[in-house]
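**Student:** please find the sequence and the predicted model below.
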Amino acid sequence: MSSFEIQKIISAILITVLVVFGIGKISDFIFDKDEDSVVAYKVDPPESDIVKNEAEASLDLKAMFALADLAHGEKVFKKCAACHSINQGGGNKIGPKLWNVMFRSVGAVEDYKYSKALISYKKEWNWEEMNGFLIKPSTWIKGNKMGFAGLKDEKDRASVILYLNQNSENPKPLP
């Protein structure tokens, strides 16, 4: 291979690299990326999904807790036990300890580093809050760092909430 052919190959590679990067820079210059100049359509989720989630969160708690079973709650809680301790005096794991969690303020475990979303939530874990959170944590409190998909089944949620309530110093009567 002659030096002229090697020079052509290297020149072709360099020109290709310059064209690719040059087009990127030129397009950035031509198309300003301000939020005001972006032409796009915001797609909202279907209305039926929103209504379904709100209906699930606000369902009749008495009917839901009629499905609850403490033994079933202990079994379903095994999914939670990978990240949370439920024992009295138990420590934090990946998630905070859950002993005495019911009717405790959200983000109240002092020796656990919560996400900013949970710290600023300023509510307590009552029946409705825990039910809504367990449906899908990422949508109930946006920005929290809990990577759990949620419990879609009402019996599972009711049983886990019953189990959490029983694992406290002062279990509250069900609604």
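**Tutor:** It's in.

**Student:** could you list the low-pLDDT ranges of the chain?
**Tutor:** The chain contains residues with pLDDT under 70 at 32-59.

**Student:** spatially central residue for it, please.
**Tutor:** Centroid-nearest residue in the chain: residue 138, 2.5 Å away (criterion: C-alpha atoms, centre = their mean).

**Student:** tell me, how many residues neighbour the closest residue to that residue other than its chain neighbours?
**Tutor:** Of all residues not flanking residue 138 in the chain, residue 144 sits nearest, at 6.9 Å (C-beta to C-beta, 6 or more residues apart in numbering). The C-beta positions use only the backbone N, C-alpha and C, and glycine is treated the same way. By other C-beta atoms under 10 Å, 21 other residues sit near residue 144.

**Student:** tell me if residue 144 really is in a helix.
**Tutor:** No: according to DSSP: H, G, I helix; E, B strand; the rest coil, residue 144 belongs to no helix; its state is coil.

**Student:** how about the contacts made by it?
**Tutor:** For residue 144, the contacting residues are 115, 117-118, 137-138, by C-beta atoms under 8 Å, 6 or more residues apart in numbering.

**Student:** picking that back up, how far away is the residue nearest to the centre of the chain from residue 102?
**Tutor:** 21 Å (C-beta to C-beta, to the nearest Å).

**Student:** could you do residue 16 as well?
**Tutor:** 64 Å.

**Student:** got it, and residue 147?
**Tutor:** 22 Å.

**Student:** ditto for residue 1
**Tutor:** Taken as C-beta to C-beta, the span from residue 1 to residue 102 is 78 Å.

**Student:** just residue 159 next, same as before
**Tutor:** From residue 159 across to residue 102, the span is 14 Å (C-beta to C-beta).

**Student:** so for the two, which residue has more residues nearby?
**Tutor:** residue 159 (25 against 22).

**Student:** pretty sure that one contacts residue 70?
**Tutor:** Yes: counting by C-beta atoms under 8 Å, residue 159 does reach residue 70; the two are 7.1 Å apart.

**Student:** quick one: the strand or helix carrying residue 12 to chain centroid distance?
**Tutor:** For residue 12, the element it lies in under DSSP states H and E is helix 3-30. Relative to its parent chain, helix 3-30 has a centroid offset of 44 Å by C-alpha atoms, centre = their mean, to the nearest Å.

**Student:** switch to numbering from 580
**Tutor:** Taking 580 as the first residue, the last one we looked at is helix 582-609.

**Student:** tell me what that helix is packed against?
**Tutor:** Here helix 582-609 touches no other helix or strand, going by 3 or more C-beta pairs under 8 Å, 6 or more residues apart in numbering; DSSP states H and E.
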